[in-house]
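Visitor: My questions are about this predicted structure, shown below with the sequence.
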Amino acid sequence: MRIAIFTNNYLPNPYGVANSVESFRKKFETWNHKVFIFAPREKDYQDENLRVFRYPSISTNIRFKFSLPIPYSRKIDKLIAETDFDIIHSQHPNLLGSAARKWAKKKKIPLVFTWHTLYDRYANFVPFLPKSWVATWTIKNAVKYANQADLVIVPTKSIIGILRKWGVTASIEAVASGVEEAFFQNASGLSVKKKFNIKEDELLLLLVSRLTEEKNVSFIFQALIQLLKKNKCIKFLVAGDGYLLPELKTLAEKEGLSEKIIFSGLVPKIELKNYLAAGDIYVGASQSETQGMNISEAMYLGLPIVAVKATGTNSLVKNGVNGILVSENTKEFCRAVEKLINDSDLRRRMSLASAQIARENFTDEVCAKKMLEIYESLIKKK
């Protein structure tokens, strides 16, 4: 099968969409399918994969650094026109998403669209315009695009109802982005614990996240402050970067927790598995996820989860089985974390359950097989 994937977000970016595309690409290619990636050009980055084709782009730094693709390239247009693809898979409803839609129509082949994000939660990334207007326009644009696709993919079933309510009438299938099993083998947290002076008798709370408003990281800090102050045997490791980092560091200093809250900065992907392996409990509060790959990866490495009930997370965490789901209430969140800290047997049971759930439902092999079955079905119908 010859698969064309169009994405506005790709390597070397460490974000969820890029990781999702890579997870599927690698697995597809191990089964001898040919995957062509169409993405924005990234300054000073050289692709090792010869089937990655880069559109011109504009570098921006709105909230965080990323490249905005310009969906016009004579060279790429010629290549696409001369290549026989079986299916086109778009990761976004705009920019390169428009190119994906154009070429699927021209070639009369199926267009699949993955709805990765609750776009209304990202209205704060657009400066100078009212958030409510941006959110409304963004959703309408995405719905229109989705209804022109042959199939809409969502990472978890939890958001299907939301898309229907917004007006998506196209067929929808849930296929998660899979954990790259080969990458997560032989994970060890020893080097991370040594680096940050985490003692053997200390429990480590872990958050891997972009430190921005839509990830709700400030809530986690507010929920954990008193717990960190009164319990000498826990530390909190925050792995990630974002515009809220200075504010969070200032808060930690103000509360006298500079030694208890560890800011590692952005963690290179090659080291991520060791950070996850170092953790004892994973915490999360984002309400903007359609899946939350960091949670499924933490589960794969056996971390029990404490998280705010939200789309995406609800489909990963089985409350009382591999984690504890709570409302967005700081006291309730704190009590859930404290319960796991104080009950080692419960932590162990939830740890085993997390690993089992991830291996049965969220590996790259399980997810890629499901996606290929969907592709094959669409191709037969077209």
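Guide: Sure, I can see it.
Visitor: quick one: residue 360 is in a strand?
Guide: No. Looking at residue 360 with DSSP: H, G, I helix; E, B strand; the rest coil, it is helix, so not inside a strand.
Visitor: going forward, begin numbering at 4 instead of 1
Guide: Fine by me, first position is 4 from now on; the one you just mentioned is residue 363.
Visitor: Skipping its backbone neighbours, what lies nearest it in space?
Guide: residue 369 (7.5 Å; Cβ to Cβ, 6 or more residues apart in numbering). In this view, the C-beta of every residue, glycine as well, is placed from N, C-alpha and C.
Visitor: again with residue 144
Guide: Nearest to residue 144 is residue 96, by Cβ to Cβ, 6+ apart, at 5.9 Å.
Visitor: And for that neighbour, the neighbour number?
Guide: Using other Cβ atoms under 10 Å, residue 96 has 25 other residues around it.
Visitor: The one 3 residues further on too?
Guide: Look at residue 99: counted by other Cβ under 10 Å, it has 24 neighbours.
Visitor: again with the one 10 residues further on
Guide: The number of residues packed around residue 109, counting by other Cβ under 10 Å, is 10.
Visitor: quick one: it from residue 297, how far?
Guide: Using Cβ to Cβ, to the nearest Å, one gets 38 Å for the distance from residue 109 to residue 297.
Visitor: Residue 44 now?
Guide: 27 Å.
Visitor: Kindly report the same for residue 166.
Guide: For residue 166 relative to residue 297 (Cβ to Cβ), the value is 23 Å.
Visitor: the more surrounded of the two?
Guide: Between residue 166 and residue 297, counted using other Cβ under 10 Å, the more crowded position is residue 297 (24 against 21).
Visitor: how much space between that one and residue 42?
Guide: Applying Cβ to Cβ to residue 297 and residue 42 gives a distance of 22 Å.
Visitor: so who does residue 120 touch?
Guide: Each residue near residue 120 by Cβ atoms under 8 Å, 6 or more residues apart in numbering is listed here: 291, 293.
Visitor: Return stretch 24-33 as CSV; C-alpha atoms alone will do.
Guide: Taking C-alpha atoms only, stretch 24-33 is exported to CSV below (Å, rounded to 0.1, in the frame of the first residue of the first chain):
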residue,chain,number,x,y,z
VAL,A,24,2.6,10.1,12.6
GLU,A,25,5.9,8.5,13.4
SER,A,26,4.4,5.6,15.4
PHE,A,27,2.1,4.7,12.5
ARG,A,28,4.8,5.3,9.8
LYS,A,29,7.4,3.1,11.4
LYS,A,30,5.0,0.2,11.9
PHE,A,31,3.5,0.5,8.5
GLU,A,32,6.9,0.3,6.9
THR,A,33,8.0,-2.8,8.9
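Visitor: So which residues lie in contact with that stretch, not counting its own?
Guide: Defining contact as Cβ under 8 Å, 6+ apart, one finds that stretch 24-33 is touched by 4, 6, 8, 10, 13-14, 38, 40, 52, 94, 180-183, 367-368, 370-371, 374-375.
Visitor: mind listing which of the residues you listed are in strands?
Guide: Those of these mapping onto strands are 6, 8, 38, 40, per DSSP state E.
Visitor: Just the buried ones from these?
Guide: 6, 8, 38, 40 (16 or more other Cβ atoms under 10 Å).
Visitor: Tell me if I'm right that the third one and residue 54 touch.
Guide: Yes. The pair residue 38 / residue 54 is scored as a contact, 6.4 Å apart, by Cβ atoms under 8 Å.
Visitor: So residue 207, which state does it fall into?
Guide: strand.
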